[in-house]
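**Q** Sequence first, then the predicted structure:
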Amino acid sequence: MKITVFEQDSAFDTLKSEWNELLHRSASDLIFCTWEWQSTWWRTYQAGDLCIVTCRDENDRLVGIAPWFIHHLDSERVLRTIGCVDVTDYLDIIADKNHLEDVQRCFAHFLYEHHDRYDRINLCNIPEQSPTCVSFPQALRALGFKADLVLQEVCPVIHLPDNWEAYLESLDKKQRHEIRRKLRRAEAEAKLDHIVVSAEHDIDKMIDQFIQLMRASHPQKAKFLEDPKNLAFFKNLLPLMFERNWLRLSFLYVNDVLTAAYCDFDYNDHTQVYNSGLIPTENAHLSPGIVLLSYNIRDAIARKKTVFDFLRGNEVYKYRMGAQDTRVFMLRARLHGDLPEPKVDSVLAPVE
């Protein structure tokens, strides 16, 4: 196979026409691995030295993309996946399913032959069902690397049934009662308007409204948005997701007051809950966040989605809505020396 290394931002323009087509042929067809996400993240954060590695077969067809960069810390150079770690929930090597092992061996050989460019490897946010969790550490070990997988975090998901009533019946009796009670109370005591942004709306205005609610919902989110790069990432990414029909931006108005919002992604047959916003002081007794979330789950079922994915984090409300954990891992490797002990002993925080 032919290996090519791209070290300039122009790589994204060069690979644009082939990137997503390969992604659809891979076992890693994730919204976070799309050309749109990856290019936006890189152009926003510029987090190190770009190192995108591609593989082509004997017919010059693109069969593999390793979207990597080298992050320079004070005392070492760490090879990471574009998107690591905070604003991206799943990441992976992109490899044609029919060439998976060959591609991963090629990428492992590249890392071996160019080990002088970095000190260690940290590939974050790999979903547990990815072939990378098994085959890539094996390919690295075959070349003398020390490699392991560290449980990084959990992504609770709901496997959606065919109808809303079946979903409610799948819940614990207490939680089923709570959801029904909160919906009845809110709908009886207030005028509710559930809006999903569509082509008839001013998308830029609606994104600004969402960011305002996100900022108001929690001090940590407000602090996150104080970073100009984080704010720029949202403002650059969300219109692009909307253009591709991947963005599901929903709002709940309570008595004509904008109160709650969710930023979800629709990709393949999954709905993914990326972020949320809430005015905590507005109609809190009516549980507007849970009401809107319930509407969105019901809407996903009606649109024949099979998975409602809360993405990373083990917040209690996700389990109350019926979610069950899936896991994401970090692949750590180095050619010389021992791997450091993980810096955390919990799945609640990323491993550096």
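**A** Looks like it arrived, so ask away.

**Q** What's the local residue count around residue 211?
**A** 20 (other Cβ atoms under 10 Å). For glycine as for every other residue, the C-beta is placed from the backbone atoms N, C-alpha and C.

**Q** Surely it is in contact with residue 233?
**A** No. Assessed by Cβ atoms under 8 Å, residue 211 is found out of contact with residue 233, at 11.2 Å.

**Q** other SSEs contacting the strand or helix carrying residue 36?
**A** Residue 36 belongs to helix 35-45 when assigned by DSSP states H and E. Helices and strands touching helix 35-45, as assessed by 3 or more Cβ pairs under 8 Å, 6 or more residues apart in numbering; DSSP states H and E, comprise helix 11-24, helix 228-243.

**Q** end to end, how far does stretch 17-35 reach?
**A** Using Cα to Cα, to the nearest Å, one end of stretch 17-35 lies 9 Å from the other.

**Q** Figure out how far that stretch is from the centre of its chain.
**A** The chain centre lies 14 Å from the centre of stretch 17-35; the measure is Cα atoms, centre = their mean, to the nearest Å.

**Q** ok so, going back, C-terminal to the helix holding residue 36, what's the next element?
**A** Per DSSP H and E, the first helix or strand lying C-terminal to helix 35-45 is strand 49-56.

**Q** so where do the helices sit in this structure?
**A** Secondary structure of the chain by DSSP state H: the helices cover 11-24, 35-45, 100-113, 132-141, 164-169, 173-189, 203-217, 219-226, 228-243, 288-302, 316-320.

**Q** which parts of stretch 148-164 are buried?
**A** Across stretch 148-164, burial judged by 16 or more other Cβ atoms under 10 Å covers 149-150, 152-158, 160.

**Q** Need the nearest residue in space to the residue nearest the centre of the chain, chain neighbours excluded.
**A** Nearest to the mean C-alpha position of the chain, by Cα atoms, centre = their mean, lies residue 89 at 2.8 Å. Spatial nearest neighbour of residue 89, chain neighbours left out: residue 311 (4.2 Å); criterion: Cβ to Cβ, 6 or more residues apart in numbering.

**Q** which residues touch the one you found?
**A** By Cβ atoms under 8 Å, 6 or more residues apart in numbering, the contact set of residue 311 is 89-90, 155, 272-274.

**Q** so how far is the helix holding residue 36 from its chain's centroid?
**A** Worked out by Cα atoms, centre = their mean, helix 35-45 lies 13 Å from the chain centre.

**Q** Kindly report the same for stretch 179-191.
**A** The chain centroid and the centroid of stretch 179-191 are separated by 32 Å, computed with Cα atoms, centre = their mean.

**Q** in it, what's buried?
**A** Residues 179, 182-183, 186, 190 are the ones in stretch 179-191 that count as buried (16+ other Cβ under 10 Å).

**Q** So residue 336 versus residue 127, what's the distance?
**A** 29 Å (Cβ to Cβ, to the nearest Å).
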